[in-house]
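Asks: Fold the following.
(chains A and B, ligands or ions: 2)
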Amino acid sequence: MQWNWEFTYEIMPRMLWATLNTLMAAGVGYAIAVVLGLALALAQRTPYRGLTLVVREVVEFIRSTPLVLQIFFVYYVGPQYGLNLSPWVAGMIAIGLHYASYLSEVYRGGIESVPKGQWEACIALNMTPVKTYFRVIIPQALPPSVAGMGNYLVGIFKDTPMLSVIGVAELMHAANAIGGQHYRYLEPYTIVGVVFLMISLPSAGLIRAFEAWVRRKLGMR
Amino acid sequence: MMEDMSHYPLELTGPDVPMVRFMNVTKRYGALTVLDDLNLDVTEGEMVTIIGPSGSGKTTVLRMLMTLETINSGVIYVDGKPLTHMPKNGVLVPADAKYLRRARASIGMCFQHFNLFPHMTALENCMEGPVQVLGLSKREARERSEELLEMVGMIDKKDQHPSRLSGGQQQRVAIARALAMRPKVMLFDEVTSALDPEVIGEVTNVIRRLVSEHNLTMLMVTHQMGFARDISDRICFFFGGRIEEQGPPDALFGNPQRDRTKQFLSAVKEAD
Ligand SMILES: Nc1ncnc2c1ncn2[C@@H]1O[C@H](COP(=O)(O)OP(=O)(O)OP(=O)(O)O)[C@@H](O)[C@H]1O
Ligand SMILES: [Mg+2]
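Replies: Ligands and ions are numbered 1, 2, ... in the order given. Now for the predicted structure:
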């Protein structure tokens, strides 16, 4: 089979459009994961033993089952309980929740790396627990979390093709559709690979630069 | 076993209520009794220095007063009001989080390792408590903080982050940060122990000024006997979780009564 440039140009607009969808899926899913992950991490540190235990079990459960199962689960089991979700909404919930549980562990590590003396200084200044977290602990937990957060951003991006199984029109979905229509898979799949490569490759360096920037921004070195 | 709290007063009254009172305070870590039935009063404006061998419970005294540690029995009073307990139906019960927050507002503490917030400048460190806890406006908090940074000689470094400051400079900022909360009682736990010898003086000088110019009540733990003798109203020598001997500095250093005090003092003199 020969590489066909003409065909490549022809499908390019559709692939680029799908790339935008992929980026949007990764972005929205990640935004959910970043916020929800923090909630999951903080919930495990409350004095309420019951809540702590339940959240820990949920996080453990999500981390030990495959993402694709979770996507299917939200999309197909939801309607049986009267919860009809569009592929996009179901996909974002599933992938957001999945990565939230991973990010919660990153945050947990970051929070635990803040020295005990910082907590004690907050007590000595009579700060409330909420202010202690948001003004003192979380800003310092951030730099050590950036690397892990960045890796999971790349991870969520690379996992977006799984959303094609429920029909989210991202890159993989588009490539499959084009392949099915034209009986040519080489070009669409290659484009998918190249797009992922172009975005993933520089990310390691970018993450490191971002980490340094965060540290500088916070005046910490 | 629950302690019978009925003989502890709900608050201290009378003409000479101490600023701080430890009443039959016991602290244990598991099987280890760190403080054993401690009774200690500190009057308003008094500077009390705690000395003693390593592990004798000096730091624990300050940490209990800062509510960083709970106590196993007894009651601590600050300014006549219970700190570790709160009145409920006419008896004292262990303080809850809300009560503790109100009760510890009059206490400030400086730590051996400064514990400044690394993501804030010196000025921001000082403003944090006044703005976030006391609810002062930014402008008021800045004025108050700059005044204190001036006093500790750190005004020209106010926009530096702690990582750019020497240990002595960080400790001076930490003192300003604690003072910005206008505490009635200040606690100093070996604030010069982590410092290079040549910068110890800049911190002790600040404490000297506090003693001579302010009516703060202070409790200090230090290994610097000369400094303690200079500025303290009273020295408490701790041994094995108890006050072995206490008195005015000249009496305790010049004419110690107990064998353990004599041994400790001659041991530290040799080490110097
Ligand atoms: N969190 C803890 N858990 C268990 N034991 C502790 C804890 N904190 C302190 N101790 C023990 O309590 C005792 C008193 O400790 P403390 O820190 O008050 O001593 P110190 O007089 O300040 O000594 P140093 O001069 O070394 O600072 C020590 O035996 C110490 O090991
Ligand atoms: Mg100590």
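
Asks: elements contacting the least confident helix or strand in chain A by mean pLDDT?
Replies: Ranked by mean pLDDT, DSSP states H and E, the weakest helix or strand in chain A is helix A:203-217, scoring a mean of 88. Applying 3 or more CB pairs under 8 Å, 6 or more residues apart in numbering or on different chains; DSSP states H and E, we find helix A:203-217 packed against helix A:138-159. Where C-beta positions appear, they are placed from N, C-alpha and C, glycine not excepted.

Asks: How far off centre is the helix it packs on?
Replies: 9 Å (CA atoms, centre = their mean, to the nearest Å).

Asks: what helices or strands is the helix or strand that it is followed by leaning on?
Replies: Once the chain leaves helix A:138-159, the next helix or strand it forms, by DSSP states H and E, is helix A:171-182. With contacts taken as 3+ CB pairs under 8 Å, 6+ apart, helix A:171-182 sits against helix A:5-43, helix A:186-200.

Asks: Next up, the contacts around the residue in chain A that ligand 1 sits nearest to.
Replies: Residue nearest to ligand 1 within chain A: A:K116 (10.1 Å; CB to the nearest ligand atom). Contact partners of A:K116, counting by CB atoms under 8 Å, 6 or more residues apart in numbering or on different chains, are absent.

Asks: what's the distance between the residue nearest to the spatial centre of chain A and chain B?
Replies: Geometric centre of chain A, nearest residue: A:Y30, 3.7 Å, by CA atoms, centre = their mean. Note on A:Y30: its distance to chain B, by CB to the nearest CB, to the nearest Å, is 24 Å.

Asks: tell me the contacts of the nearest residue to that residue once chain neighbours are set aside?
Replies: Nearest residue to A:Y30, sequence neighbours excluded (CB to CB, 6 or more residues apart in numbering or on different chains): A:I156, at 5.2 Å. The contact partners of A:I156, taken as CB under 8 Å, 6+ apart, are A:26, A:29-30, A:33, A:95, A:99.

Asks: Mark which of the residues you listed are buried, thanks.
Replies: Buried residues within those, defined by neighbour count using 16 or more other CB atoms under 10 Å in any protein chain shown: A:26, A:29-30, A:33, A:95, A:99.

Asks: isn't the residue nearest to the centre of chain A right next to A:H98, touching?
Replies: No. The pair A:Y30 / A:H98 is not scored as a contact, 11.1 Å apart, by CB atoms under 8 Å.

Asks: Surely B:R139 forms part of a strand?
Replies: No. According to DSSP: H, G, I helix; E, B strand; the rest coil, B:R139 belongs to no strand; its state is helix.

Asks: how near is it to ligand 1?
Replies: B:R139 sits at a distance of 40 Å from ligand 1 (criterion: CB to the nearest ligand atom, to the nearest Å).

Asks: try B:I207
Replies: Distance from B:I207 to ligand 1, by CB to the nearest ligand atom: 18 Å.

Asks: buried stuff in the host helix or strand of that residue?
Replies: Assigned by DSSP H and E, B:I207 belongs to helix B:197-213. Within helix B:197-213, the residues that count as buried by 16+ other CB under 10 Å are B:199-200, B:202-204, B:206-207, B:210-211.

Asks: show me what contacts the residue of the stretch 51-200 of chain B found nearest chain A?
Replies: Distances between the stretch 51-200 of chain B and chain A by CB to the nearest CB are smallest at B:H161, namely 3.4 Å. With contact taken as CB under 8 Å, 6+ apart, B:H161 is in contact with A:219-220, B:118-122.

Asks: what is the rounded mean pLDDT of stretch B:179-198?
Replies: Mean pLDDT, stretch B:179-198: 95.

Asks: and that stretch with chain A, contact?
Replies: Yes. Residues of stretch B:179-198 are located near chain A by CB under 8 Å from any CB of the partner chain, namely B:M181.

Asks: Show the end-to-end separation of that stretch, please.
Replies: From its first residue to its last, stretch B:179-198 covers 24 Å (CA to CA, to the nearest Å).

Asks: which parts of that stretch are buried?
Replies: In stretch B:179-198, counting by 16+ other CB under 10 Å, buried: B:179-181, B:183-192, B:195.

Asks: Ligand 1 next: which of the residues you listed are close?
Replies: Here nothing survives when those are matched to ligand 1 using CB under 6 Å from any ligand atom.

Asks: can you redo the residues you listed as JSON lines with distance to B:P130 and secondary structure?
Replies: Listed next are the buried residues of stretch B:179-198 as JSON lines, based on distance: CB to CB, whole Å; DSSP: H, G, I helix; E, B strand; the rest coil:
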{"residue": "B:L179", "distance to B:P130": "11", "secondary structure": "helix"}
{"residue": "B:A180", "distance to B:P130": "5", "secondary structure": "coil"}
{"residue": "B:M181", "distance to B:P130": "7", "secondary structure": "coil"}
{"residue": "B:P183", "distance to B:P130": "12", "secondary structure": "coil"}
{"residue": "B:K184", "distance to B:P130": "16", "secondary structure": "coil"}
{"residue": "B:V185", "distance to B:P130": "18", "secondary structure": "strand"}
{"residue": "B:M186", "distance to B:P130": "16", "secondary structure": "strand"}
{"residue": "B:L187", "distance to B:P130": "19", "secondary structure": "strand"}
{"residue": "B:F188", "distance to B:P130": "21", "secondary structure": "strand"}
{"residue": "B:D189", "distance to B:P130": "23", "secondary structure": "strand"}
{"residue": "B:E190", "distance to B:P130": "26", "secondary structure": "coil"}
{"residue": "B:V191", "distance to B:P130": "21", "secondary structure": "coil"}
{"residue": "B:T192", "distance to B:P130": "26", "secondary structure": "coil"}
{"residue": "B:L195", "distance to B:P130": "26", "secondary structure": "coil"}
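
Asks: Just the closest of those residues to A:S104, please.
Replies: B:M181 (33.8 Å; CB to CB).

Asks: B:E128 is in contact with that closest one, correct?
Replies: No. Counting by CB under 8 Å, B:M181 does not reach B:E128; the two are 9.9 Å apart.

Asks: Give me the common contacts of the two.
Replies: A:L125.
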